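In: Fold the following for me, if possible:
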Amino acid sequence: MPVLVMPVLAESSQVTDLGSYLPVLIIVLAAIGFGVGNMFATFIIGPRRQGARKATAYESGMNPVGTARKRFNVRFYLIAMVFLVFDVEVVFLYPWATTFGNLDAGSPQAGLWLARILFFLLTTVVAYLYGYRKGVFKFD
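Out: Below you'll find the model as predicted:
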């Protein structure tokens, strides 16, 4: 009669330490509690006055003029896109620079990292040239 032998696995690879997730759970519960608590407190102690002045739109202390369906110039959106391109570039360049400084200069991995960032910078230059050709930087 054959004997079945169960393989013994190391405990550390099979058992997940759920205690390490406790801080994340506490933060998630605190965030949910903060949101619900603020909504409840606003409902309980918030003012309940109604009126014509309270129902009007608020535009930074100015009286609302015209309709909210006003068209914006396309240049506004192009400026916003160019800003986002350069903002994302800065966000990615800082961690890359700190990591690249720690790499061995002669390793092939350093060359790959350099090629990746040069490609990224090339796409940023293309976005800049696109904005320049569309006249984004001409303020009339």
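In: which stretches of the chain form helices?
Out: Secondary structure of the chain by DSSP state H: the helices cover 11-14, 22-45, 52-55, 74-100, 108-133.
In: For this structure, name the helix or strand with the lowest mean pLDDT.
Out: helix 11-14 (a mean of 52; mean pLDDT, DSSP states H and E).
In: just to revisit the earlier point, do you know which of the helices of the chain lies nearest Val65?
Out: Of all the helices of the chain, helix 52-55 sits nearest to Val65, with 16.2 Å by Cβ to Cβ. The way it works is simple: take the backbone N, C-alpha and C, and place the C-beta from them, glycine included.
In: Keeping just the C-alphas, turn that closest one into CSV.
Out: Extracted C-alpha coordinates of helix 52-55, given in CSV (Å, rounded to 0.1, in the frame of the first residue of the first chain):
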residue,chain,number,x,y,z
ALA,A,52,-32.9,83.7,-2.9
ARG,A,53,-29.4,85.0,-2.0
LYS,A,54,-28.4,81.6,-0.5
ALA,A,55,-29.6,79.9,-3.7
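In: Now do it: distance to the chain's middle.
Out: Centroid separation for helix 52-55 versus its chain: 36 Å, with Cα atoms, centre = their mean, to the nearest Å.
In: Take the helices of the chain and lay them out in JSON lines including distance to Gly66.
Out: Listed next are the helices of the chain as JSON lines, based on distance: least, Cβ to Cβ, whole Å:
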{"stretch": "helix 11-14", "distance to Gly66": "66"}
{"stretch": "helix 22-45", "distance to Gly66": "31"}
{"stretch": "helix 52-55", "distance to Gly66": "18"}
{"stretch": "helix 74-100", "distance to Gly66": "17"}
{"stretch": "helix 108-133", "distance to Gly66": "29"}
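In: can I get these in JSON lines with distance to Ala68 and mean neighbour count?
Out: Listed next are the helices of the chain as JSON lines, based on distance: least, Cβ to Cβ, whole Å; neighbours: other Cβ atoms under 10 Å:
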{"stretch": "helix 11-14", "distance to Ala68": "59", "mean neighbour count": "7"}
{"stretch": "helix 22-45", "distance to Ala68": "25", "mean neighbour count": "10"}
{"stretch": "helix 52-55", "distance to Ala68": "14", "mean neighbour count": "7"}
{"stretch": "helix 74-100", "distance to Ala68": "16", "mean neighbour count": "12"}
{"stretch": "helix 108-133", "distance to Ala68": "28", "mean neighbour count": "12"}
